[in-house]
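K.L.:
only geometry, no sequence info:
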């Protein structure tokens, strides 16, 4: 039985994690739940799974839920509530499914308090990969990837010697504009960008998939998770999203992990690792699929991949700046304030203005994140 604290329980990854908990009650018990504002869903989940450790990071939402807490519940609120819940709740694993930088402090707290870390939030390793990996090594704890791509690579690497790996290959669906011209992308609407051809996800990650910033973040994450230089992290476009990623070895062999597109697969593997368990999900019918196709990404039309490689190679505070500027730009696009291609332009401009600190501590990482947000918002104010 693995006791799991789930941060971000009301989002798509959180809901999929709850599905896994329902399917494997003998292997997984949710002992802590956290949301930002979705208090009604938090209370429903707490009742279903009998959870007594609950956290709400938004202070106003926390005030509104206090009178409705289940009997005997221990409640945490505010920006530091998630971290305190992680530190004080007895658990084996913390699964971080929070979009953005809010998951960084709880993730480090998980490792420091002797818990394994399951990572669905890319920002944790993008912002502080060096610190997080060092803390895991120091504490002898595991970092288990939940992203389907990194989980696929993790599976392919089982039993392999790191010296045998030539490169890892992340697959990308290509998003809804894979075949669109640069001129067509100038006219992209929010509604069009939110129609992902394969996955059903939240707004931020769906836009990131359309721009391929999501894949850029994954490149940096893979660099840290698997201890490889950015030059050995590749991307290939695979529209069917059946091959979730691959590993190429020094003898030329390539191993791939395939499954139907359901996030319950990687979540279950992360929770039950090193075991594999039966699931109620459908097996892959290759004959029915017929064909799987692959193509090189177009980095001229999708410059997020180039910017990610630059950020990952520079390291230090630049990956955090890359991430923060993108968050501001995506929000501006969703609000109708900038065009779709302007997302790339804003991020590149902020990155060019930044003086990278090579070996930052946590305070410097947070400061760089805030600096990038201010710079990006200033661009919006200038109409740049």
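P.N.:
Yep, that arrived. Because the structure is a prediction, the values reported are computed rather than measured. Residues are numbered from 1 along each chain as shown.
K.L.:
For this protein, which residues score under the pLDDT cut-off?
P.N.:
Within the chain, the ranges that satisfy pLDDT under 70 run 199, 383-384.
K.L.:
Domains of it: list them as residue ranges, please.
P.N.:
2-145, 157-261+287-301, 315-384 (automatic domain parsing).
K.L.:
closest one to residue 278 among those?
P.N.:
Among the domains of the chain, the nearest to residue 278 by C-beta to C-beta is domain 2-145 (8.9 Å). Backbone N, C-alpha and C define where each C-beta goes, glycine included.
K.L.:
Could you give the number of residues near residue 369?
P.N.:
By other C-beta atoms under 10 Å, 21 other residues sit near residue 369.
K.L.:
Please apply the same query to the one 4 residues further on.
P.N.:
Residue 373: 18 surrounding residues under other C-beta under 10 Å.
K.L.:
sorry, back to before: deepest of the domains of the chain, which one?
P.N.:
domain 2-145 (a mean of 20; mean count of other C-beta atoms under 10 Å).
K.L.:
before we move on, the earlier item: closest to residue 269 out of the domains of the chain?
P.N.:
When these are ranked by proximity to residue 269 (C-beta to C-beta), domain 2-145 comes first, at 8.2 Å.
K.L.:
distance between the ends of that closest one?
P.N.:
Start-to-end span of domain 2-145 (C-alpha to C-alpha, to the nearest Å) is 16 Å.
K.L.:
Output the domains of the chain as CSV; include the columns distance to residue 271.
P.N.:
Formatted as CSV, those follow (distance: least, C-beta to C-beta, whole Å):
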stretch, distance to residue 271
domain 2-145, 5
domain 157-261+287-301, 16
domain 315-384, 26
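K.L.:
do you know which of these lies nearest residue 267?
P.N.:
Proximity to residue 267, assessed across these by C-beta to C-beta, is greatest for domain 2-145 (5.1 Å).
K.L.:
For the closest one, what is the distance to the chain centroid?
P.N.:
14 Å (C-alpha atoms, centre = their mean, to the nearest Å).
K.L.:
thinking again about what came up before, out of the domains of the chain, which gets nearest to residue 275?
P.N.:
domain 2-145 (7.9 Å).
K.L.:
Residue 280: which of the domains of the chain is closest?
P.N.:
Closest among those, using C-beta to C-beta: domain 2-145, at 5.6 Å.
K.L.:
mind listing the strands in the stretch 251-384 of the chain by residue range?
P.N.:
Using DSSP state E, counting those that start in this stretch, the strands of the stretch 251-384 of the chain run over 254-258.
K.L.:
quick one on the thing from earlier: out of the domains of the chain, the one nearest residue 272 is which?
P.N.:
domain 2-145 (5.7 Å).
K.L.:
the helices in the stretch 251-384 of the chain, which residues?
P.N.:
Secondary structure of the stretch 251-384 of the chain by DSSP state H, counting those that start in this stretch: the helices cover 264-272, 286-289, 304-314, 318-334, 342-353, 362-382.
K.L.:
among the ones you listed, which is nearest residue 49?
P.N.:
helix 264-272 (13.9 Å).
K.L.:
between that closest one and strand 254-258, how many degrees?
P.N.:
100 degrees (axes from the mean of the first three to the mean of the last three C-alpha atoms, to 10 degrees).
K.L.:
which SS state does the residue lying farthest from the centre of the chain fall under?
P.N.:
Using C-alpha atoms, centre = their mean, the residue of the chain lying farthest from its centre is residue 71. It sits 33.4 Å away. Secondary structure state of residue 71, per DSSP: H, G, I helix; E, B strand; the rest coil, is coil.
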